[in-house]
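Colleague: take this sequence and fold it.
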Amino acid sequence: MNRRIFLTQSFLTLFAAGCTGLPRKHLPSYHGIHTEIWFLDIGYGDAILIRRGNHAALIDGGYPVVTPIILKFLQDSGIEFLDTTVITHTHPDHIGGVYGVLVSGIPVGKILGIYDPADTANPKGFREYLDSQTPDYRVVRRGDGYDLVPGIPVEALHPKTLVTDMNDSSMVLKTGDSGSGVLFCGDIGLEPQNELVHIYGPKLASPVIKMPHHGGDISEEFLDMVNPEVAVISVGINPYGNPRPETLKALSHRKIKIFRTDTHGTLHFKETPGSGLKCVPRGTI
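Modeller: This is a model prediction of the structure:
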């Protein structure tokens, strides 16, 4: 997004809060270890934490000023190591908090990004961090596969190549096979959405979608191919009109459950023994 700052949760309460259970196939569970995903309420931006047992990964981190929120969440959750940190693209509402976490000294296994380390599309401080700390930094392109944490593999669906519009170069990741998992869409616009429909078709199907671009423009053909049961919109106060009324209408028309961080607060998806994946809005961090 543009570089202006706009800032701004017991399973007994699940159904009262309007949350939903999803079939167990949707996220992997191995040997009694279950998957949890938090879409953090950090205002306008993305910050997603994925955890399985003692392993965790962070996808994006909002603006720099929300770094203390993310660090406190990690501390309160007992997370002292991140297996993977993902930067879908380097607009400040995505990379800012990630950079803050990295320079805080929390150990990180690997960093996934879309730009070469020296590319000036990476902010100066981040380039200097990569140069001085020499972490395991990997440039991601379509078809690449990684374990975010042990037992949670993801495939990169986008980008194949970089384009001028940074949003449209956003990394898109999918967990699970067709019809399972979560689709993380970064900030992609209509053109890459339609490109993904052409390339992947029904393989895009995912019960949960992190909506592109904070609920921005959506291709209805793309939405039909993903065919989600739940749509997550990570958003806060902004001058861009997100989420778009047309996007909310498209979701409602398809009876897709909508969860927004600006309305529900931090969204906690959890797989529990003998049950499916559930979402528990917890209010702000």
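
Colleague: can we go C-alpha only for contacts and neighbour counts from here?
Modeller: OK.

Colleague: where in the stretch 51-200 of the chain is pLDDT low?
Modeller: Scanning the stretch 51-200 of the chain for pLDDT under 70 picks out 179.

Colleague: I'd say Asn194 and Ser219 touch.
Modeller: Yes: counting by CA atoms under 8 Å, Asn194 does reach Ser219; the two are 6.8 Å apart.

Colleague: now find how far off-centre the host helix or strand of Glu195 is within its chain.
Modeller: Assigned by DSSP states H and E, Glu195 belongs to helix 190-200. Offset of helix 190-200 from its chain centre (CA atoms, centre = their mean, to the nearest Å): 19 Å.

Colleague: ok, the next helix or strand after it: who's next to it in the sheet?
Modeller: Downstream of helix 190-200, the first helix or strand assigned by DSSP H and E is strand 208-210. In the sheet, strand 208-210 lines up against strand 182-184 (parallel), strand 230-233 (parallel) (DSSP bridges).

Colleague: columns mean neighbour count and distance to Val86 on top of those, output as a markdown table?
Modeller: Listed next are these as a markdown table, based on neighbours: other CA atoms under 10 Å; distance: least, CA to CA, whole Å:
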| stretch | mean neighbour count | distance to Val86 |
| --- | --- | --- |
| strand 182-184 | 25 | 11 |
| strand 230-233 | 23 | 18 |
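
Colleague: so which of the ones you listed comes closest to Pro135?
Modeller: strand 182-184 (23.9 Å; CA to CA).

Colleague: residues making contact with that closest one?
Modeller: 26-27, 172-176, 204, 206-212 (CA atoms under 8 Å, 6 or more residues apart in numbering).

Colleague: what is the helix holding Glu195 packed up against?
Modeller: helix 220-226 (3 or more CA pairs under 8 Å, 6 or more residues apart in numbering; DSSP states H and E).

Colleague: which parts of the helix it packs on are buried?
Modeller: For helix 220-226, a neighbour-count test (16 or more other CA atoms under 10 Å) marks Phe222, Leu223, Asp224, Met225, Val226 as buried.

Colleague: now stretch 123-138
Modeller: Within stretch 123-138, the residues scored as buried using 16+ other CA under 10 Å are Pro123, Phe126, Arg127, Tyr129, Leu130, Tyr137.

Colleague: contact partners for the closest residue to the last one other than its chain neighbours?
Modeller: If I follow you right, that is Tyr137. Using CA to CA, 6 or more residues apart in numbering and skipping the chain neighbours, the partner closest in space to Tyr137 is Ile111 (4.7 Å). Counting by CA under 8 Å, 6+ apart, Ile111 makes contact with Thr84, Thr85, Val86, Ile87, Pro135, Asp136, Tyr137, Arg138.

Colleague: do the same with Arg52
Modeller: Shown in contact with Arg52 (CA under 8 Å, 6+ apart): Ile33, His34, Thr35, Glu36, Val149, Pro150.

Colleague: so which of those residues are in strands?
Modeller: Thr35, Glu36, Val149 (DSSP state E).

Colleague: out of the residues you listed, who's the most crowded?
Modeller: Thr35 (22 neighbours; other CA atoms under 10 Å).

Colleague: what's the distance between the nearest residue to that residue once chain neighbours are set aside and Glu221?
Modeller: Spatial nearest neighbour of Thr35, chain neighbours left out: Arg52 (4.8 Å); criterion: CA to CA, 6+ apart. With the distance defined as CA to CA, to the nearest Å, Arg52 ends up 33 Å from Glu221.

Colleague: give me phi/psi at the residue nearest to Asn227 when sequence neighbours are not counted?
Modeller: Distances taken as CA to CA, 6+ apart put Ala205 closest to Asn227, at 5.6 Å, once the chain neighbours are dropped. When quoted as degrees, to the nearest 10, the phi and psi of Ala205 stand at phi -50, psi 130.

Colleague: does Ala205 touch Ser180 like I think?
Modeller: Yes: with contact defined as CA under 8 Å, Ala205 counts as touching Ser180 (7.0 Å).

Colleague: and the residue nearest to Tyr137, that one's in a strand?
Modeller: Yes: judged by DSSP: H, G, I helix; E, B strand; the rest coil, Ile111 forms part of a strand.

Colleague: got the CA positions of the helix holding Glu195 in CSV?
Modeller: Output of helix 190-200 as CSV, limited to C-alpha atoms (Å, rounded to 0.1, in the frame of the first residue of the first chain):
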residue,chain,number,x,y,z
LEU,A,190,-7.5,-8.0,-10.4
GLU,A,191,-4.9,-8.8,-13.0
PRO,A,192,-2.9,-11.4,-11.0
GLN,A,193,-6.1,-12.8,-9.6
ASN,A,194,-7.4,-13.5,-13.1
GLU,A,195,-3.9,-14.9,-14.0
LEU,A,196,-4.1,-17.3,-11.1
VAL,A,197,-7.6,-18.5,-12.3
HIS,A,198,-6.1,-19.1,-15.7
ILE,A,199,-3.1,-21.1,-14.3
TYR,A,200,-4.6,-23.0,-11.4
